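>>> how would this look folded up:
(one chain, ligands or ions: 1)
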Amino acid sequence: MPDPVLNIDALDAHYGDFQALHGVTMQVTAGEVLALIGANGAGKTTLLRAVAGLLRSRSGAILWQGRPIGALRADQIAALGIAMVPEGRLLFDSLTVEENLIIGGQLGRRGPWTLERVQTLFPILRERRHFPANALSGGQQQMVAIGRALMANPELILMDEISLGLAPVVIRQIYDALPAIVAEGLTAIIVEQDITRALSVSHRIYCLQEGRVALTGPSVDVTRDAIARAYFGV
Ligand code: ATP
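Sure thing, here's the model as predicted:
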């Protein structure tokens, strides 16, 4: 395997006294799409939050492009090229669609993603650019959240349950855009509850169970049985 661009080593994470991650080790190679799966409460969001600097871990290491980032603030990590599409989207509701996208670009990293290009990826965002974000459907808001992350021109994008609560047709639209999103060599970690989709869009999967890595492997090789065991610990 080539040198990992993201190297997570024996990472623990806590909420107060509760330990949500136990010695999670994970390597991600540049350009890889990695799916993170696991039951509710397994620690998927916690892991993304730790990488994005939204949660400080007490022990273990996170190396991004060889540099330890575990002690950096979220804005410093964003400036190094890591962007997150958070669960629940967290848009600025009263700002327009376009303003939300522009905010994503304010870190000023150079790269292929511009307002124009995001609007071409999701044409509805051009059509509705002057609408307040909260006037859009859930799926359209998810497109804004993805577009906002892309506007930062990240090298790693963390996507937390981007299909949650959306209609199948909208989920398809969003996932249809994924190849164009990762075409430039962008690395992606995607939390996805739908196992079939997770396997079909990713190169490798990691399955967490109660804060531990229970299974990892190339998505084409892992079996349903192995996933079921890793999910439920049976
Ligand atoms: P889901 O699929 O439900 O989003 P997840 O795999 O993303 O689950 P996390 O949200 O990372 O799981 O949660 C991991 C564990 O940490 C759970 O037991 C959860 O209850 C706990 N937890 C998450 N956030 C907090 C918090 N802010 N305070 C206390 N405990 C938390």
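>>> only C-alpha atoms for contact and neighbour calcs from this point on.
Fine.
>>> is the host helix or strand of Y206 in proximity to the ligand?
Using DSSP states H and E, Y206 sits within strand 204-209. No. With CA under 6 Å from any ligand atom as the measure, strand 204-209 is seen stopping short of the ligand, the closest distance being 7.4 Å.
>>> what residues does whichever helix or strand comes after that strand touch?
Using DSSP H and E, the helix or strand that follows strand 204-209 in sequence is strand 212-218. Around strand 212-218, the neighbours that count as contacts under CA atoms under 8 Å, 6 or more residues apart in numbering are 21-25, 42, 203-208, 226-227, 230-231.
>>> between these, which is closest to the ligand?
When the contacts of strand 212-218 are compared for distance to the ligand (CA to the nearest ligand atom), A42 wins out at 3.7 Å.
>>> so how far is P68 from that closest one?
Distance check for A42 against P68: by CA to CA, to the nearest Å, it reads 25 Å.
>>> the more surrounded of these two?
For the pair A42 and P68, the greater number of neighbours falls to A42 (20 against 14), based on other CA atoms under 10 Å.
>>> nearest spatial neighbour of that one, chain-adjacent residues omitted?
Distances taken as CA to CA, 6 or more residues apart in numbering place E210 nearest to A42, at 4.5 Å, with adjacent residues excluded.
>>> residues in contact with that neighbour?
Residues counted as contacts of E210 (CA under 8 Å, 6+ apart) are 20-21, 41-43.
>>> for it, grab phi and psi.
In terms of degrees, to the nearest 10, the main-chain angles of E210 are phi 50, psi 50.
>>> where's it relative to F232, distance?
Distance of E210 to F232, given as CA to CA: 9 Å.
>>> just G60 next, same as before
As it turns out, when the distance is counted by CA to CA, G60 lies 25 Å from F232.
>>> who has more neighbours out of the two?
In terms of neighbours (other CA under 10 Å), G60 is the more surrounded of G60 and F232; the figures are 16 against 13.
>>> do you know the pLDDT at G185?
We note a pLDDT of 85 for G185 in this prediction.
>>> also F131?
As summarised for this prediction, F131 has a pLDDT of 93.
>>> one more: the one 3 residues further on?
In this prediction, N134 carries a pLDDT score of 89.
>>> so it touches D93, yeah?
Yes. In this structure N134 lies within contact range of D93 using CA atoms under 8 Å: 4.9 Å.
>>> tell me which helix or strand I189 sits in.
Using DSSP H and E, the element containing I189 is strand 187-191.
>>> what helices or strands is that strand leaning on?
In this structure, strand 187-191 packs against strand 33-37, strand 156-160, with contacts taken as 3 or more CA pairs under 8 Å, 6 or more residues apart in numbering; DSSP states H and E.
>>> pipe the ones you listed into a markdown table and attach mean pLDDT per row.
A markdown table is the format used below for the helices and strands packed on strand 187-191 (pLDDT from 0 to 100):
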| stretch | mean pLDDT |
| --- | --- |
| strand 33-37 | 96 |
| strand 156-160 | 96 |
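>>> strand 156-160 and the longest helix along the chain, what's the angle between them?
Ranked by number of residues, the top helix in the chain under DSSP state H is helix 138-151. Orientation check (axes from the mean of the first three to the mean of the last three CA atoms, to 10 degrees): helix 138-151 against strand 156-160 gives 160 degrees.
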